[in-house]
Structures are given as C-alpha cells and as structure tokens.
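Colleague: 3D, please:
(2 chains)
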Amino acid sequence: MNFDLLMQLVINGLIVGLLYGVVGMCFVLVYKSTQIVNFAQGEFLLIGAWVCWAFLVYFKVPFVVGFLLTLVFMAGFGVLLQMIVLRPMIGEPIISVIMITIGLSMLFQALMKWIFGVSAESYPQVFETESFSIMGLNIEAAYLMSTGIAVVIMGLFYWFFKYSKQGLAMRATAFDQQVAQSLGISVKHVFAMSWAIAATVSATAGIVIGMVNGVSDSLSVIGIKVFPAVILGGLDSIVGAIVGGLIIGVLENVAEFFDGQYLHWGNLYDIAPFYVLLVILWFKPYGLFGQKDIERI
Amino acid sequence: MSTTSMRPCGDFRTSYQQDNTIFETKFIWLLAVASVGLLCLAPLFLDEYFLSLAIQVSYLGIAALGLNILVGFTGQISLGHGAFFGFGAFASAWINTQFGIPVFFAIPLAGFLTMAVGMMFGLPAARIKGLYLAIATLAAQFIIEDFFARAEWFSGGSAGAMAESVDIFGFIFDTDQSFYYIAMFALVTMYLWGSNLMRTRDGRAFVAVRDHYLSAEIMGINLTKYRLLSFGVSAFYAGIGGALYGHYLGYVSAEGFTIMMSIQFLAMCIIGGLGSVKGTLMGVIFMVMLPESLESVVGLMKETSWGNIPAVVDGIAYLKEMAIGLVIILFLIFEPEGLAHRWAQIKNYWKFYPFSY
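Modeller: From the prediction side, this is the model:
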C-alpha cells in the first residue's frame, strides 16, 4: 500500500473539500434564507472566474484590483438575479423553483462558452514559487492560498452571522419570515443580500480553483458536486456544509486511490460521491446536522 | 352526449362516466379519428426532414409524457429521466441482440426493464420528497450514466451498441417513411393509454398524492405504492421512447443521455403544462422546433448582408442551449401553466367571441 500517495491524496481532498465547503455554505445560505435551491451555484464560480480572468488579461489590471472589481460585479449580479428572476418565484411550487435555477444554469453556462470559448485558460502568474514541501508532501502555493482563503471566508461567515446586525437579521429571517418582518427587518434586503453574498463568495472559490486548474467550463461541475456535500451535512446547516464538503473531498480522493491501486474500475472519482448521496438519502435524509422536518396535520 | 356539435355547450354531466370521457362529443371523436387518418397519409406529402422531425417528436413525446405523469400528475420530481430514456435504448438493443427476441417485442420488454430500474431508483421517494427527491434522482442520473460507460456487456461501453431496425413478418422498417408508422402507432397508443390511466383509480390516486398527500393517505391511498408506481410508469414510458430512438437511429452511444437531456424533458413538461397530456405534446413540439427554427433563422440571416455575424453563425450551438435555458425561465415567470393553459384561454376567447363577458 502506497502510504505517501494516500497521504498526498487525503491532503488534496481536504484542500478541495474546504472549497466544496465554502461553495456548500453559499448554497445553504441561499436555501436557508430564501428557500430557493440554487442549481446555478456552479455557474457563479464559472462567471466569477471568467470575469476576473477578463479583467486580468484584457484590461491588464493588477490581481488585487481585478479581484475586487470581480467581487463588486458579482455582488451586483447576484442582487439583479434575485430581483429579476427569483423574486417572481416566491411562493411557487418547488419544481418551478428548481427548474428556474436549472434554466439559469443552462443559460449562463452556454453564455460563458459563447463568450470565452471552451478551452481552458490559465491566470497570469500570481505567485513566485510554484510549490512548497511540507513534511515531505508537495503542496502547491495556490493550494495553500486556497486553504487560507477558505478558512478566512469561514471565519468571516462566523463573525457575520454571530455578531453583525445584518447577520442577525438574516438569521431571524431564516427562522421565521413573518416574525422577522414584524420586527422591522426588510426581508427583501435580506434576500438580495444573501444572493449577493453567495455570488461573491462562490466567485472567490471559482477564482481560486481557476488559479490552480485553469478557468474552464468544468468549474460548473463544482455546483453539482456540492449536492452530496450539503446533503451529507444537512441542507440547512452551515457547519454541516463544511463538514460534508471535507468528507466528500477526502472521499473522492480516497476512492480514486483505491480505484487506481486495486479496483481499476475507472471514473470512481466522479461517481463515488453520488453513491454516498443515495445511501445518505436512503438512511438519514436530513444529513448529519440538518433539522428534521416534522409535519403535523 | 352523442350530439354532433363541435364542442359540448356546457357542463351537463350527470354521471361519472360522462365526467371521465376522453372525447366529449361525437364530433371530437370523429376529429380525432380523422387526424389519425391524416397522420397516416402524411408521409405522402412530407419530405424526409419533416418526417424525421415527426419521428423525433413521437419518441421524445412518449418519454416526456412519462415524466409528466410523474411530475405533473403525481407531484414528484425527477432529474434522471434522460438516463432512463438511454437505459431503454440500450436495453432494447441488448434484449434484441443477446436473446434474439424480435425488435417488436424487445421494445415493450425494454420498457418493463426500464420500469424495474426506475422503481429501484424511485425507492427513496417512499421516504423523501421535494428537493431531496430531486437530488436523489440527480444521483440516479449520474450513476446510470456511469453504468452505461462501464457495463460493456450491456451497452458496448464507449463503442456503443448497434440496434437493429424493426422487423415485422419480414418487412423491415428502416426508412423514415416506414419507421414513421411505427413511431405514430406507438405515440397514439401511449398517449391514449396515458389519458386512460388518468381516468382509473390509479390515475386519480396519483393526482390525490400530488394535491395533498396527507389527505390522500387518510383516504386510504398507499403513498409508497403510488409514488413507486408513478416512478415505474414514468420509467416505462421513458424506456419505450428510448427503445424507439435506438431502433430508429440504429446505433446507441453512451454520450447522449446526459443531465441536459433530463432537463430538456422537464422543460417540455413545463412549457407544455404540468399535468396535461395534450400539453405535453405541445411542449415537445415546441422544444423540437425551437433549435430547428433558430438554426433556419440564422441560416437565413447568413444570406443577408447585415446578418452574417461570425459570432452568431459560429456560436449557433451555444445559442441553442441559451435559448432553451431562456424559454424555461420565461415560461416559468410569465406562463407557469404552460401552453396547455394558453390554448384553453384562446379557446375560451373564441367561444364567446364578440361578447367576452
């Protein structure tokens, strides 16, 4: 058994898992506060990464400026999307809500392919050194940065929801919309804000992944990969999204290890999370941390 | 009700039998028979292109009706219909080549095999609903797709599977003209069966499960049984549609049955109208015509002096995808009840034409 390789893959899994966790958090945030399941989450990553790439390559702005401009753009984009497309969906049956985000996902995916093409593009070099060596394991600088950014984002989320006034308003809205409204919280603002946060944070994740793997169409796959993560963690738990993301990230890498070393089935990396997903839904549909829906007649 | 008027002049139903009838007046029945007759004559007038479109409408229409029974009538959600469609295509080819069963019988057998698989993946529906179910069927989509790539004994792996043409008593339906009749026969049969299903106890139970599942359970409807049955019926339709697709093309490759296809089936149901048999067909026609008409518009634009924009001409594949996404969004915002609802409104408008009140 090749322990070095296994360790390397587990580390990779944890790093990727943290990013799944970040994207999953955005998903949970939108679901909790607006009751909308966002199938277009992956396209946020895609759009963010391409917009940032366009700033850096076409307009030749420095990385930090381009990054901030992208965040501003994505915040506006998220708010507009919520206002134009998703506000009419309030109170519609769940199938309509799911389908409209799927429609958005198709639209933006094709739009990005149309504008930027299908081949992967890489970002201009941001770091001097390519990779570090920590305890004999190779870790790319961009990976280290992605871990740092993911942890910072999680910390910000924690602070925002725990201590800031806006965060409290959002938690109140998630708890009970009518009560929140009667306390003077503008539910409209909360909805717009949660989409803006989801869009900016997802875009950050998209840029980070784009730096490591290059920007391409495949970024939107992350939007599908978060489903196993958030279901495992519980659909309405932010902590659950992080834990689920880490577990799925490690799981797919370990699955790849066993696949490559022993089983030789191929493609297990992509498909293992979905088997897990089915098993969870079968035995524990509300996940590890999710709140159980109790229905009374 | 055996009048010869064009449409019933009002609701004068006095028995359940009248309430359940598919053809409300004799005239509508005659109209249906006449249109079936006209469909049989169509190959004499239409060229290959329109015939192939009609065949496309028929196999997609059968599968889409299955999805509408599941989504529109039973209120469950499935994001894996494209995979079931593909499973039917492979299953029919496999049954035909492996066991030597004639294609004509292999198609319904493939339907039943797909039904079994559909019920297996519908099992979670016994416990979960709504969003969770959507994600479970999403997992089913990926797992079945992976199965196609992996199971070489079944699907031929990456090489794909050959599907023979339909052969009845030595007559081989291998041209568009001849296969058209097979496709139309299947379409009419499956749509009649679908409409009839909705008149039976099982069909009404589906609707009851959709409308209020707790009340339905209290009234003695076994929720698990009917949810599973609905998944089964839906997969059966998908299997039949897929089998027709396979035997029409003569070759099934594992690449076509992606999540995109599942989304397109859902789009057909939503655009046509959830919970409407007639609407499903309208939705399918709309979705088949949309990319075709987009292509011909761009083709015409290319001829003009102002319209030959390289971005548009080269990006036609992406434009088609964008158009599908866009119509889903626009329909959900502006016409959530679909074309069937719009059709009913148009009919109502002309019913009282000059005096709309």
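
Colleague: what residues of the longest helix seen in chain A count as buried?
Modeller: Longest helix in chain A, counting residues (DSSP state H): helix A:3-34. Residues of helix A:3-34 classed as buried: A:8-34 (neighbour count, 16 or more other C-beta atoms under 10 Å in any protein chain shown). For the C-beta atoms, the positions are set from N, CA and C on the backbone; glycine is no exception.

Colleague: again with stretch B:36-53
Modeller: Using 16+ other C-beta under 10 Å as the test for burial, stretch B:36-53 gives B:39, B:43, B:46, B:51.

Colleague: picking that back up, after the longest helix of chain A comes which helix or strand?
Modeller: For helix A:3-34, the following helix or strand on the C-terminal side (DSSP states H and E) is helix A:41-58.

Colleague: which secondary structure elements does that following helix contact?
Modeller: Packing partners of helix A:41-58 (3 or more C-beta pairs under 8 Å, 6 or more residues apart in numbering or on different chains; DSSP states H and E): helix A:3-34, helix A:63-81, helix A:94-116, helix A:187-213, helix A:221-233.

Colleague: chain center to that helix: distance?
Modeller: Computed by C-alpha atoms, centre = their mean, to the nearest Å, the chain-centroid distance of helix A:41-58 equals 14 Å.

Colleague: send over it as PDB, restricted to the C-alpha atoms.
Modeller: Extracted in PDB, the C-alpha atoms of helix A:41-58 (Å, rounded to 0.1, in the frame of the first residue of the first chain):
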ATOM      1  CA  GLN A  41     -24.300  27.700  -7.900                       C
ATOM      2  CA  GLY A  42     -21.600  26.300 -10.200                       C
ATOM      3  CA  GLU A  43     -22.200  29.000 -12.700                       C
ATOM      4  CA  PHE A  44     -21.400  31.600 -10.100                       C
ATOM      5  CA  LEU A  45     -18.000  30.100  -9.900                       C
ATOM      6  CA  LEU A  46     -17.700  30.000 -13.600                       C
ATOM      7  CA  ILE A  47     -18.800  33.600 -14.200                       C
ATOM      8  CA  GLY A  48     -16.700  34.900 -11.400                       C
ATOM      9  CA  ALA A  49     -13.600  33.100 -12.600                       C
ATOM     10  CA  TRP A  50     -14.100  34.300 -16.200                       C
ATOM     11  CA  VAL A  51     -14.900  37.900 -15.300                       C
ATOM     12  CA  CYS A  52     -11.700  38.000 -13.100                       C
ATOM     13  CA  TRP A  53      -9.700  36.400 -16.000                       C
ATOM     14  CA  ALA A  54     -11.100  39.000 -18.400                       C
ATOM     15  CA  PHE A  55     -10.100  41.900 -16.100                       C
ATOM     16  CA  LEU A  56      -6.600  40.500 -15.700                       C
ATOM     17  CA  VAL A  57      -5.900  39.500 -19.300                       C
ATOM     18  CA  TYR A  58      -7.900  42.000 -21.400                       C
END
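
Colleague: up against chain B, what does the stretch 1-150 of chain A have?
Modeller: A:37, A:85, A:88-89, A:92, A:94-96, A:98-100, A:102-111, A:113-114 (C-beta under 8 Å from any C-beta of the partner chain).

Colleague: rewinding a little: tell me which of the helices and strands packed on helix A:41-58 sits most buried.
Modeller: Of all the helices and strands packed on helix A:41-58, helix A:221-233 has the most neighbours on average by mean count of other C-beta atoms under 10 Å in any protein chain shown, namely a mean of 26.

Colleague: thought B:Ala89 was touching B:Ile240?
Modeller: No - B:Ala89 is beyond contact range of B:Ile240, at 10.3 Å (criterion: C-beta atoms under 8 Å).

Colleague: list residues touching both of the two?
Modeller: Shared contacts of B:Ala89 and B:Ile240, defined by C-beta atoms under 8 Å, 6 or more residues apart in numbering or on different chains, comprise B:Ala110.
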